[in-house]
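S.K.: Requesting a structural model of the entry that follows:
(one chain, ligands or ions: 1)
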Amino acid sequence: MRTLIIYHTRSGMTERIGQEIGAELDSRNVETTIKRADAVNEQDFKDSDVWIFGSPVHFFGPSKASKRALSVALRVNNDGKFFTTFDTRYASYNGPGAAGKMANMLKDAGVKMITEPELFIVESSKGPLAKGEEIRASDFGKKIAQEMKF
Ligand SMILES: Cc1cc2nc3c(=O)[nH]c(=O)nc-3n(C[C@H](O)[C@H](O)[C@H](O)COP(=O)(O)O)c2cc1C
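M.R.: Prediction:
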């Protein structure tokens, strides 16, 4: 199955997590493309089977660029498509955030969830990632790859 990782980032933290997930999928021979949320187009979504959306939490939800990417995805016929989401956020915040809200929008549109959203912690708005988060990102990649073996 072809996988597309779509991320937005301001300070590189969400990008870092996306790269770790992508590296793990690559190492398991899952065909993976990584694209910035502001560069993704309808064809990218048509050409992939599993969409992995990553966004920093901005004001309790997805960033503006992530919302744009999501709206592009939702214009595509999503029969047979799967998704999961992740976000980066403060440890002190425990609302649905970007990952939860993006997941709800995708679910409501009929896209099937391949595995539960995952959250990654930053120490301040510009990073760094909290200790161990890159390893957790690889683990998340592993989990996604395992779920692909239906
Ligand atoms: C405008 C703005 C709003 C933010 N709002 C939240 C928030 O509501 N909850 C939260 O946990 N973090 C919030 N943050 C912190 C971001 O989640 C943090 O900057 C992000 O995880 C860093 O990832 P990035 O390097 O990929 O941009 C906010 C950051 C910015 C810049």
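S.K.: Show me what from this protein comes close to the ligand.
M.R.: Proximity of the chain to the ligand (Cβ under 6 Å from any ligand atom) is limited to residues 9-15, 56-60, 88-90, 93, 122, 125, 127. Yep, even glycine has a C-beta here, placed from its N, CA and C like the rest.
S.K.: If any of these are buried, put those into a PyMOL selection.
M.R.: Listed next is the PyMOL selection for buried residues among those, using 16 or more other Cβ atoms under 10 Å:
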select buried, resi 9+13+14+15+56+57+58+88+89+122+127
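S.K.: Report the contact partners of Glu116.
M.R.: Applying Cβ atoms under 8 Å, 6 or more residues apart in numbering, one finds that Glu116 lies in contact with Thr84.
S.K.: where does it fall, phi/psi-wise?
M.R.: For Glu116, the backbone dihedrals (degrees, to the nearest 10) come out as phi -60, psi 150.
S.K.: Not counting its neighbours along the chain, what's nearest Ala145?
M.R.: If the residues on either side of it in the chain are set aside, Ala145 comes closest to Arg28, at 4.3 Å by Cβ to Cβ, 6 or more residues apart in numbering.
S.K.: Confirm for me that the one you found is in contact with Glu147.
M.R.: No - using Cβ atoms under 8 Å as the test, Arg28 is too far from Glu147 to be in contact (11.6 Å).
S.K.: all strands of this structure, in order?
M.R.: Listed in chain order, the strands found in the chain under DSSP state E are 3-7, 32-36, 50-58, 61-62, 82-90, 112-113, 118-122.
S.K.: Each with direction, which strands does the second one pair with?
M.R.: To tie it back to what came earlier, the one meant is strand 32-36. Using DSSP bridges, the neighbouring strands of strand 32-36 in the sheet come out as strand 3-7 (parallel).
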